[in-house]
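Participant: What follows is a predicted protein model with its sequence.
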Amino acid sequence: MIGIHGLANKPPADEKTRWWKAAIAEGLNRNEGLDGPEFLFEFVYWADLRYDMPLSEDENREPYRPYEGAGPLPTGEESPTTTAKDVLSPVYAGIDRLEEATGVTLVDDLILEHRFDDLWHYHAEQTFARKVRGRLIERLKRYRHHRILLVAHSMGSVIAYDVLRLLEREDPSLRVEHLVTAAAPLGLAKVKLKFKAEHGTLRVPNNVAAWTNLADGEDVVAIMGALDADYTPSDTGVLVGDRRVVNGYLRPDGEPNHHKSYGYLRTPEFSRVACPYAVTSHRAVSRTEHLGARPSKCLDDEAAG
């Protein structure tokens with residue numbers, strides 16, 4: 001697994017890496033019944049290219065903390081009937097169509113500059129963008145002979161898409177087995193226009209065998225939610241698999257953050273994708289005891305082989 005983080009400053013790289021791994025392992029244990037899952041994980045950290053110092057412990061309002069309780073976490077099927085995305089996405093869809101048609105993205109420019117400052121700089125500063133991309137490219141090339149699950153959160157999904165489309169042309173033999181985007185702003189008109197200008201038609205990259213897009217309905221960064229209407233299949237017919245999830249992350253003060261990476265990494269939908277990339281000495285409990293009626297292809301495969 002290779003992960004790349006999203007917007008804003010972060011804690012130190014080693015700490016952030018440990019927390020991503022812990023969140024993934026927690027999900028694999030609770031959702032798939034894997035006891036002490038082990039997996040090769042590499043983290044692409046780029047916050048130091050934008051910020052002089054990482055977040056200190058006192059500055060960090062959103063540390064990793066395990067969820068309370070036991071057993072599987074809620075699935076997307078258990079999400080609220082009506083969410084912020086359901087209300088706002090039709091409004092933004094009209095703005096999106098107008099901005100794409102005219103090429104004038106005043107609304108997106110305002111959002112990106114004031115809410116997504118890092119993404120605004122990524123689009124405006126070529127040197128910064130080149131360095132960020134270079135870090136992900138180096139990591140993908142290093143593990144080119146492995147089965148790669150690339151996990152990209154928030155702005156990391158923009159970087160990942162750019163890199164994969166670049167590598168299509170520059171290193172076509174490099175393959176990613178599964179791309180997972182979480183909380184992805186890939187439906188914003190500004191982002192899509194930038195992609196079109198650099199890469200041409202919006203489509204699934206030809207060097208991925210699968211693409212799963214995770215979006216919580218209350219996560220305003222992923223306001224457009226589903227991406228399959230914007231990104232056509234790859235030349236081999238690979239589609240975007242949109243999945244609605246429940247991101248239950250809570251800050252220490254109890255305030256929810258439906259955009260937080262740890263919450264996405266613990267969802268059952270992500271655990272199902274990650275499970276084949278992990279190994280464990282034994283199951284924590286039986287499938288029936290742990291998951292009840294919820295099917296687990298990963299555990300079924302383990303039992304079969």
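Facilitator: Thanks, I have the structure now. These numbers were taken from a predicted model, which means no experiment stands behind them. Numbering: from 1, shown residues only.
Participant: Residue 74 and residue 244: what is the separation?
Facilitator: With distances defined as C-beta to C-beta, to the nearest Å, the gap from residue 74 to residue 244 amounts to 11 Å. Quick note: C-beta positions are derived from backbone N, CA and C, even for glycine.
Participant: Between the two, tell me which one has more neighbours.
Facilitator: Neighbour count, other C-beta atoms under 10 Å: between residue 74 and residue 244, residue 244 has more, with 19 against 13.
Participant: Which strand or helix spans the more buried one?
Facilitator: Assigned by DSSP states H and E, residue 244 belongs to strand 240-245.
Participant: Give the partner strands of that strand in its sheet and their orientations.
Facilitator: Neighbouring strands of strand 240-245 in its sheet, by DSSP bridges, are strand 211-216 (parallel).
Participant: who's in contact with the strand it pairs with?
Facilitator: Applying C-beta atoms under 8 Å, 6 or more residues apart in numbering, the external contacts of strand 211-216 come out as 79, 83, 85, 178-184, 186, 204-205, 222, 225-227, 238-247, 258-259, 263-264, 267, 269-270, 273.
Participant: Might one say that residue 38 is in contact with residue 29?
Facilitator: No - using C-beta atoms under 8 Å, residue 38 makes no contact with residue 29, being 11.7 Å away.
Participant: Compare neighbour counts for the two and give me the winner.
Facilitator: residue 29 (22 against 13).
Participant: my guess is the more buried one is in a helix, correct?
Facilitator: Yes - counting by DSSP: H, G, I helix; E, B strand; the rest coil, residue 29 is found in a helix.
Participant: what's the distance between it and residue 275?
Facilitator: The spacing between residue 29 and residue 275, counted by C-beta to C-beta, is 11 Å.
Participant: again with residue 137
Facilitator: When C-beta to C-beta is the yardstick, residue 137 and residue 275 sit 27 Å from each other.
Participant: Sort out which of the contacts of strand 211-216 are buried, if you could.
Facilitator: In these, burial by neighbour count holds for 79, 83, 85, 178-184, 186, 204-205, 222, 225-227, 238, 240-247, 258-259, 263-264, 267, 269-270, 273, counting by 16 or more other C-beta atoms under 10 Å.
Participant: Thanks a lot, catch you later.
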